[in-house]
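> Kindly return the folded structure for what I paste below:
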Amino acid sequence: MNQKAIIYLNQRRYNDTSYCVLYFKRNDAILERITQNSWIRWHHELNAYTTSIQPNTIGLLMDVFEDLAEINDFYLHARLKENTDQISIGDDLYFKGVLKKKEKLGFLSIIPVKDTRKLLALRYKYNKRINQCLKDNRFTQWNDNYSTYVIEANKESLNGFIKTVLDTVTIRINSQLVVKDYQVMQLLFEQAYVKNRYFKSCPLEYIRYMSLKGYSFNTINTYYIIY
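Now for the predicted structure:
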């Protein structure tokens with residue numbers, strides 16, 4: 001079994017700006033993945049690939065490289081921890097630090113399929129707890145033709161289903177499924193993080209604006225996460 005590559009994160013400053021720097025051994029797969037994510041840029045002065053430092057930078061990088069490499073954030077996290085603070089303004093408490101990621105059982109892909117009615121098939125690596133979750137879900141039904149659970153391809157079913165499983169699985173949307181509902185998009189964009197008192201959602205108007213500009217789902221997701 002091949003061991004995953006490791007990407008080490010560190011924090012460096014240039015011209016009074018802090019950057020999250022990615023260090024890794026030469027790996028063509030990682031380099032190709034970087035080219036697919038324009039927010040990861042080569043910094044000539046730092047001689048490394050970098051991103052801006054945001055509260056959810058670590059989580060986003062984990063999502064991007066999850067199948068290729070492990071993200072080692074020890075050094076970056078240590079630096080961020082030094083700068084973590086709690087700021088009290090009135091009766092509200094604001095947190096400046098790293099958002100907490102949800103622990104989930106696995107991944108689930110939603111794929112549109114051809115049928116006499118519009119259906120969305122649910123594909124996932126078998127897991128007893130995930131299987132039971134889908135079996136008990138009021139929005140799903142077993143389909144013998146596709147040997148998996150399916151949901152109706154409409155806004156109400158998709159929205160309801162996503163809300164009921166977000167704490168259990170990470171949802172991936174197949175490229176053939178076009179999601180235009182802004183609330184559904186927001187649920188998907190925010191699914192990786194624990195929504196505690198420190199979490200602040202990006203306004204739906206931001207999603208609407210990006211959609212009307214013609215940006216793809218993945219592009220909006222990237223900008224949304226680093227908002």
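> only C-alpha atoms for contact and neighbour calcs from this point on.
Noted.
> quick check: longest strand of the chain.
The residue-count maximum for a strand in the chain (DSSP state E) belongs to strand 5-14.
> and after it, which helix or strand comes next?
Using DSSP states H and E, the helix or strand that follows strand 5-14 in sequence is strand 17-23.
> next SSE after that next one?
Heading C-terminal from strand 17-23 (DSSP H and E), you reach helix 28-35.
> Between strand 5-14 and that following helix, find me the angle.
50 degrees (axes from the mean of the first three to the mean of the last three C-alpha atoms, to 10 degrees).
> So what's the gap between the next helix or strand after helix 28-35 and the chain middle?
Per DSSP H and E, helix 28-35 leads on to strand 41-43 as the next helix or strand towards the C-terminus. Centre-to-centre, strand 41-43 and its host chain are 22 Å apart (C-alpha atoms, centre = their mean, to the nearest Å).
> And strand 41-43, what's buried?
Neighbour counts over strand 41-43 (16 or more other C-alpha atoms under 10 Å) mark residue 42 as buried.
> Okay, now the sheet partners of it, with direction.
Using DSSP bridges, strand 41-43 pairs in its sheet with strand 48-52 (antiparallel).
> Tell me how far the longest strand of the chain lies from the chain's centre.
The answer for strand 5-14 is 20 Å, by C-alpha atoms, centre = their mean.
> can you pull the buried residues of it?
So, applying 16+ other C-alpha under 10 Å, buried residues of strand 5-14: 5, 6, 7, 8, 9, 10, 11.
> can you tell me which residues contact residue 207?
Going by C-alpha atoms under 8 Å, 6 or more residues apart in numbering, residue 207 touches 182, 185, 186, 220, 224.
> In this protein, where is pLDDT below threshold?
In the predicted model, the chain carries pLDDT under 70 at residues 1-2, 76-100, 116, 180, 193, 195-200, 202, 218, 221-227.
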